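1. model this:
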Amino acid sequence: MEVLGRYDRVDLPGLGLKNIHAKVDTGAYRSSLHCQSAKVVNGKLEFVLLDEEHPEFTGMKFTADTFHERDIKNSFGEVERRYVITTTIKIFNEEITAEFSLSNRGLLKFPILLGRKILQARYLIDVKKKNLSYKAKQQSLRNKRLNKKK
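-> Coordinates of the predicted model:
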């Protein structure tokens with residue numbers, strides 16, 4: 001079983017995003033993704049991820065044919081109605097299909113929150129560590145470059 005620290009950088013291959021900061025939150029059941037705006041147009045969910053302040057922000061509008069709405073309790077104990085999408089997340093070179101609620105995390109440091117539903121039975125959490133998956137990915141890329149030079 002891999003060890004994750006208190007935060008890491010992850011990829012969302014289904015959305016074309018790489019190295020996005022994610023906070024590991026064992027107190028949250030579900031995972032969430034920072035979404036600037038979301039609305040249903042002709043039966044499809046249209047949404048914009050991240051915001052202008054984020055280095056990976058493209059302003060690109062994403063669409064999801066399959067989505068649902070769910071009441072989710074936020075960190076303040078208030079219930080919010082949120083859109084939920086399913087996409088893939090890549091951690092330690094493993095692609096996981098997971099649900100993410102779309103919420104405005106603009107005032108928060110991390111645009112992705114990883115909840116227990118993704119973490120359980122996959123990772124041990126060591127809060128003294130950080131960016132373990134990202135560091136492993138960087139090391140793998142360095143090794144590939146070195147092998148090409150040989």
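2. For the residue most central in space within the chain, list the residues it contacts.
-> Central residue of the chain (CA atoms, centre = their mean): Ile112, 4.2 Å from the mean position. Going by CB atoms under 8 Å, 6 or more residues apart in numbering, Ile112 touches Val10, Leu12, Ile20, His21, Ala22, Lys23, Ser31, Ser32, Leu33, His34, Phe100, Arg105. Just so you know, the C-beta spots here come from the backbone N, C-alpha and C atoms, and that holds for glycine as well.
3. Just the buried residues of the helix or strand the third one falls within, please?
-> Assignment of secondary structure by DSSP states H and E places Ile20 within strand 17-24. Neighbour-count burial for strand 17-24, counted by 16 or more other CB atoms under 10 Å, picks out Leu17, Ile20, His21, Ala22, Lys23, Val24.
4. what are the bridge partners for the first one, then?
-> By that I understand Leu17. Counting by DSSP bridges, Leu17 forms beta bridges with Leu12.
5. pLDDT score assigned to the residue nearest to the centre of the chain?
-> For Ile112, the pLDDT comes out at 93.
6. mind checking how far the nearest residue to it once chain neighbours are set aside is from Leu132?
-> Of all residues not flanking Ile112 in the chain, Ala22 sits nearest, at 3.8 Å (CB to CB, 6 or more residues apart in numbering). With distances taken as CB to CB, to the nearest Å, Ala22 is found 12 Å from Leu132.
7. which helix of this protein spans the most residues?
-> If you go by DSSP state H, the chain has its longest helix at helix 132-149.
8. So which bits of that one are buried?
-> Neighbour-count burial for helix 132-149 [16+ other CB under 10 Å]: Leu132, Ser133, Tyr134, Lys137.
9. Check the contacts of Ile112 for the minimum pLDDT and say which it is.
-> Sorting the contacts of Ile112 by pLDDT puts Arg105 at the bottom of the list (78).
10. helix/strand/coil for the closest residue to it other than its chain neighbours?
-> Of all residues not flanking Arg105 in the chain, His34 sits nearest, at 3.8 Å (CB to CB, 6+ apart). Secondary structure assignment for His34 (DSSP: H, G, I helix; E, B strand; the rest coil): strand.
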